[in-house]
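>>> mind looking at a prediction? Sequence and model below.
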Amino acid sequence: MTSLLILCLSLSGTLDGIAAIVGDTPILRSDVSAYLEESGMLEAGDAPDSSLFEEGLQALVNERILVEAARQVGYYPAETTIAELVDARVVEMRSGFEDEQAFTEALAEAGLTLQALQERLSDVLGDRRAAQDFVQSHVSLGSLPADPVSYLEGNGEYLESQLMPRHLGWILLPVVPSGPDAAEALALLASLRERIAAGESFEDLAREYSDDPGSAGSGGQLGYFAPGDMTAAFEWALQTLRPGQLSQPFLSPYGAHLARLDSGAPGDTMSASHILLRLDTTPGDLAVAMAMADSVADLISSGRYDFADAAAIFSRDAGTASRGGDLGMVLVRRVMPEAAAAIAELDPGETGRAVAVQEGTGVALFSILGGEAEIDWRGYDGAWLQELVTSIEYEKQVDALVDSLRTSFPVVRR
C-alpha cells in the first residue's frame, strides 16, 4: 500500500485525540503517525516514541501554519488544478497494487470508495500545493555562499536535520524465506550442485531451472559488481570462494541460490553466476529476523559480547563484519532514513534494538561508535555540496517564514 494511501486511510477514521490546533484546524494523533509513515521515519502500524512524535507534530504544525497563511491571501489552487493532482496521484496509487481488484479491496477494507478517496486526496493535495505556492512566493534564495564547506560547518543544527551524521556500527541479518518451500528449494539446488560437480554444465542448468529473468538466459551470469552492490546474504556466500568454486545452497531475501564465483575476490570487484529459485518472504520471516537480532542485542547488553565481537560472529555483512561492524561516517537521513528515528535515540557506545532496513529485506542493530561526528567534506562531490547548501538555506528561510506567522495563527498544543 502506498504511503499516501496510508495517510488518506488514516483520515477516514474517527476522532482519535487532538494533538494540536492551528487556528481552527485540529491535527489528530493519527495525522502525526501517518505523516511519519509517509516520510519513511516510522514503520506502518508502529507507535512513535515521544521524541519522534514531537518531530512529526512540529512538522505538521508548521505545514498547517503555511496552509492557513496561503488561504488567507488567496494562494489556494483552483479546482481544476486540484483535480489534475488527484487524478495523477490515484494513478500512482493504483500502480502500487498488483491489480485493480487489490486496490479496490484495500479501499473497501478501510471503508472508503474511490470517490471518498478522491475527496480525501483533494484536501491533502490542495493544502500541500497551497503551502508550496505560498513558500515559493515568499522565499528567495538569491546568491549562495561561495565556500560550501565553511557554510556547512557553521550550520550544524540544519546539517543534523538534513543529514544526521553518525559514526555507526551495525550488525546486519537478512530476512530470508522459511517453511517447506524453502527446504524443497535448497534440496533441489543441492541436487543441481551434485550434477554440476559430476560434470553437467552450470550454464545449461541455470537456463533450465533459474527463476531470475535477468540472468537465466545467459546461463546465470550476473556480470561484474562491487562490494555492496548485491544483497548482503549473496555477498556473504561468496566470501570464502575462489574463482570457479560453487557455494553451498543458501537463502537470501529473494529466494534460494546456488552461486559460482567467476572472477575477483571478496572486498574487490567480482563477477559471479547463480541459479535462483524465487521465494517470497512473509511478515513472519521478518518477525523471526527481528527476534534473532534482539537476542543478539540482549547478549551485548548482558556483557557476554561487546559490539565488535558480536558483529564478527553474527553479522552477515561481508564488508563490515571483520572490522567489528564499523560503517564509518554515515549520513543517516540520506542513506538509511528508515533507521533515523532509532539511531537518533542512541548514545555513544549504546546498542539499540532491531530495526528493519533495506526495504524490509534486512534487520540491523546499530551502535554509535564515536562521539560528536566530524565530516571530512573533501571526499564529497562539489555539486552535491552546493545542492546541500541550497537545501539548508531553503529550510532556514522556510523556518523564518513560519516563525513570522506564528502570532497570526496561534497554536494550541493538547
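Okay, I see it.
>>> got any ranges where this protein has weak pLDDT?
The model of the chain has pLDDT under 70 over residues 1-16, 40, 43-45, 371-373.
>>> got the domain boundaries for it?
Domain assignment for the chain by automatic domain parsing gives 3-138, 161-175+283-368, 180-278.
>>> now mean neighbour count and distance to Asp403 too, for those, in JSON lines please.
Using the backbone N, CA and C atoms, a C-beta is placed for each residue, glycine as well. Listed next are the domains of the chain as JSON lines, based on neighbours: other Cβ atoms under 10 Å; distance: least, Cβ to Cβ, whole Å:
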{"stretch": "domain 3-138", "mean neighbour count": "17", "distance to Asp403": "9"}
{"stretch": "domain 161-175+283-368", "mean neighbour count": "19", "distance to Asp403": "15"}
{"stretch": "domain 180-278", "mean neighbour count": "17", "distance to Asp403": "42"}
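>>> hang on, isn't Leu189 packed against Leu279?
No: at 11.5 Å, Leu189 and Leu279 do not qualify as touching, with contact defined as Cβ atoms under 8 Å.
>>> and for the two, which residues touch both?
Contact with both Leu189 and Leu279 is made by residues Ala256, according to Cβ atoms under 8 Å, 6 or more residues apart in numbering.
>>> give me the residue at the spatial middle of this protein.
Centroid-nearest residue in the chain, with Cα atoms, centre = their mean: Glu338, separated by 4.1 Å.
>>> does that residue count as helix, strand or coil?
helix (DSSP: H, G, I helix; E, B strand; the rest coil).
>>> that one contacts Val363, doesn't it?
No: in this structure Glu338 lies outside contact range of Val363 using Cβ under 8 Å: 11.4 Å.
>>> can you pull the residues that touch both of the two?
Val355, Ala356, Val357.
>>> which among those residues gets closest to Ala216?
Using Cβ to Cβ, Val357 comes nearest to Ala216 of the shared contacts of Glu338 and Val363, at 28.6 Å.
>>> distance of the residue nearest to the centre of the chain from Gly362?
Going from Glu338 to Gly362 by Cβ to Cβ, to the nearest Å gives 11 Å.
>>> so what sits against both of the two?
Taking Cβ under 8 Å, 6+ apart as the criterion, Glu338 and Gly362 both touch Ala356.
>>> what's the end-to-end length of stretch 246-253?
Start-to-end span of stretch 246-253 (Cα to Cα, to the nearest Å) is 20 Å.
>>> what does stretch 355-362 give?
Span of stretch 355-362 from end to end, Cα to Cα: 8 Å.
>>> how about the strands of the protein, start to end?
Here the chain has its strands, by DSSP state E, at 18-22, 25-28, 165-174, 221-225, 250-252, 255-263, 270-278, 326-331, 355-357, 362-368, 411-413.
>>> format these as JSON lines; extra columns: distance to Met290.
Below are the strands of the chain laid out as JSON lines (distance: least, Cβ to Cβ, whole Å):
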{"stretch": "strand 18-22", "distance to Met290": "28"}
{"stretch": "strand 25-28", "distance to Met290": "29"}
{"stretch": "strand 165-174", "distance to Met290": "9"}
{"stretch": "strand 221-225", "distance to Met290": "28"}
{"stretch": "strand 250-252", "distance to Met290": "17"}
{"stretch": "strand 255-263", "distance to Met290": "20"}
{"stretch": "strand 270-278", "distance to Met290": "23"}
{"stretch": "strand 326-331", "distance to Met290": "20"}
{"stretch": "strand 355-357", "distance to Met290": "7"}
{"stretch": "strand 362-368", "distance to Met290": "5"}
{"stretch": "strand 411-413", "distance to Met290": "34"}
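>>> between those strands, which one is nearest to Asp298?
Using Cβ to Cβ, these put strand 362-368 closest to Asp298, at 10.5 Å.
>>> tilt between the closest one and strand 326-331?
Here strand 362-368 points in a direction 90 degrees away from that of strand 326-331 (axes from the mean of the first three to the mean of the last three Cα atoms, to 10 degrees).
>>> just to revisit the earlier point, for the domains of the chain, which one sits closest to Val398?
Nearest to Val398 among the domains of the chain is domain 3-138 (5.8 Å), distances taken as Cβ to Cβ.
>>> centre of the chain to that closest one, how far?
20 Å (Cα atoms, centre = their mean, to the nearest Å).
>>> in the stretch 201-350 of the chain, which spans are helices?
202-209, 232-238, 283-301, 307-314, 332-335, 340-344 (DSSP state H, counting those that start in this stretch).
>>> so what touches the first one?
Residues outside helix 202-209 that contact it (Cβ under 8 Å, 6+ apart) are 188, 192, 195-196, 215-217, 219-221, 246, 260, 273-275, 277.
>>> and if we set it to 7 Å?
Helix 202-209 has contacts (Cβ atoms under 7 Å, 6 or more residues apart in numbering) with Leu192, Arg195, Ile196, Ala216, Gly217, Gly219, Gly220, Arg260, Ser273, Ile275.
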